[in-house]
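Chemist: model the following, please.
(one chain, ligands or ions: 2)
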Amino acid sequence: MKTQKIGFIGGGNMASSLISGLIASGHEPGNIWVSDINAEQLKSLAERLKVNTTASNDTVVNQTDVVVLAVKPQTLRDVALQVAPAIQQRKSLVVSIAAGISERSLSAWLGAETAIVRCMPNTPALVLTGATALHANDKVNAEQRNTAENILRSVGIALWVKEEKELDAVTAVSGSGPAYYFLLMEAMEQAAVELGLTEDTARLLVLQTALGAAKIALESSESPELLRKRVTSPGGTTQRAIETFQQGGFSELVSKALHAARDRSIEMSNQPEFN
Ligand SMILES: NC(=O)C1=CN([C@@H]2O[C@H](COP(=O)(O)OP(=O)(O)OC[C@H]3O[C@@H](n4cnc5c(N)ncnc54)[C@H](OP(=O)(O)O)[C@@H]3O)[C@@H](O)[C@H]2O)C=CC1
Ligand SMILES: O=C(O)[C@@H]1CCC=N1
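Modeler: Ligands and ions are numbered 1, 2, ... in the order given. Coordinates of the predicted model:
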């Protein structure tokens, strides 16, 4: 499996996280091809990760078996139309990571017979802790499903959703999710400094606490709610903080934010300039 030739069209933030993760998990850099319009981006990828780079998207298709489309959603249409002939000729498996671009649009651009897996990864793939949900169109065979799943599973967990539309919710939860935790880290760090800690101490305590909480929650069979209650001694400090969060509408705000992200994903799928 790790000898699979994998191509990336677009070598930006998400592609470089995936590529770094693939290499860290044992994929040969020589089997990875990346194209980008940004020469600096390619130079950095070639220097850091020793992957093959090219300015030509067609070269990526022609050198590989699986092509990951990793450009911004608003650029995808042009890129897909441009590489469609090469993809059809090679019968490449296409994996799109773009938010809010439907399999229907991808098929229209790439050809009705093209095997397409649409997925939503996240940047922790960089440290092999990614979370990806996948959905395949009806041209994808069992072997191709395994190929796509194995690529994403080598950088974290990978699961299939039954309905393509579930990817809008996945995007709101785990695709965008790392940013929500970073926002909480930023806010906690700022508050810790206001409370008199140095910036270094504040950051270290905040990050180690985030890691510890995530590890306990993943390794324990107990719910986050129960784990939270175990930290919250009656009448103590945590209770005061949790009450403050709740009085400020914390859960409602989180729900509102995730609904907004989900709605934006749906809106992007219906936007004529993206589709
Ligand atoms: N960032 C994230 O956390 C996640 C992103 N995604 C999805 O991944 C995709 C990429 O996002 P992200 O990595 O953040 O975006 P980036 O902008 O970082 O990466 C896209 C790259 O593609 C390049 N590019 C633009 N046009 C072309 C072209 N015609 N041919 C080849 N390369 C081109 C861009 O160059 P230039 O900058 O010069 O335009 C850029 O380097 C998006 O569709 C997004 O929805 C999915 C999950 C998570
Ligand atoms: O913000 C975005 O649109 C992309 C998709 C999920 C994470 N980043």
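Chemist: packing partners for the helix or strand hosting R228?
Modeler: Using DSSP states H and E, the element containing R228 is helix 224-231. Applying 3 or more Cβ pairs under 8 Å, 6 or more residues apart in numbering; DSSP states H and E, one finds that helix 224-231 contacts helix 199-219. Where C-beta positions appear, they are placed from N, C-alpha and C, glycine not excepted.
Chemist: for the helix it packs on, which helices and strands make contact with it?
Modeler: Using 3+ Cβ pairs under 8 Å, 6+ apart: helix 199-219 touches helix 177-194, helix 224-231.
Chemist: what are the contacting residues of that helix?
Modeler: Applying Cβ atoms under 8 Å, 6 or more residues apart in numbering, the contact partners of helix 199-219 are 181, 184-185, 188-189, 192-193, 197, 224, 227.
Chemist: could I get the full set of helices for the chain?
Modeler: Taking DSSP state H, the helices of the chain run over residues 13-24, 39-49, 57-63, 73-90, 103-110, 142-153, 166-170, 177-194, 199-219, 224-231, 237-247, 250-269.
Chemist: near ligand 1, anything from the third one?
Modeler: Yes. Shown here: helix 57-63 in contact with ligand 1 (Cβ under 6 Å from any ligand atom) through N57.
Chemist: likewise for the second one?
Modeler: Yes. Using Cβ under 6 Å from any ligand atom, helix 39-49 comes into contact with ligand 1 via Q41.
Chemist: for the stretch 101-250 of the chain, what lies in contact range of ligand 1?
Modeler: Proximity of the stretch 101-250 of the chain to ligand 1 (Cβ under 6 Å from any ligand atom) is limited to residues 120-123, 175.
Chemist: for G249, give its distance to ligand 2.
Modeler: 24 Å (Cβ to the nearest ligand atom, to the nearest Å).
Chemist: tell me the pLDDT of that residue.
Modeler: We have a pLDDT of 98 for G249.
Chemist: go on, P272?
Modeler: At P272, pLDDT is 67.
Chemist: N275 now?
Modeler: So, for N275, pLDDT stands at 66.
Chemist: setting aside sequence neighbours, what's the nearest residue to the residue in the stretch 151-275 of the chain positioned nearest to ligand 2?
Modeler: Using Cβ to the nearest ligand atom, the single residue of the stretch 151-275 of the chain nearest to ligand 2 is G175, 3.4 Å away. Nearest in space to G175, with sequence neighbours left out and distances taken as Cβ to Cβ, 6 or more residues apart in numbering, is M120 at 4.5 Å.
Chemist: right, and the one you found touches V170 too?
Modeler: Yes. Contact criterion Cβ atoms under 8 Å: M120 and V170 qualify, at 4.7 Å.
Chemist: need the contact partners of stretch 73-85.
Modeler: Taking Cβ under 8 Å, 6+ apart as the rule, stretch 73-85 contacts 9-10, 57-58, 60-61, 67, 69, 71, 96, 98-101, 105-106, 109-111, 114, 268, 273-275.
Chemist: dump stretch 159-168 to CSV, restricted to CA.
Modeler: Only the C-alpha atoms of stretch 159-168 are listed here, as CSV (Å, rounded to 0.1, in the frame of the first residue of the first chain):
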residue,chain,number,x,y,z
LEU,A,159,-14.5,6.8,8.6
TRP,A,160,-17.2,6.5,5.9
VAL,A,161,-20.4,8.5,6.0
LYS,A,162,-23.5,7.0,4.4
GLU,A,163,-24.8,10.2,2.8
GLU,A,164,-22.7,12.8,1.1
LYS,A,165,-24.6,15.6,2.8
GLU,A,166,-23.2,14.4,6.2
LEU,A,167,-19.9,15.9,5.0
ASP,A,168,-21.4,19.4,5.6
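Chemist: sounds good, over and out.
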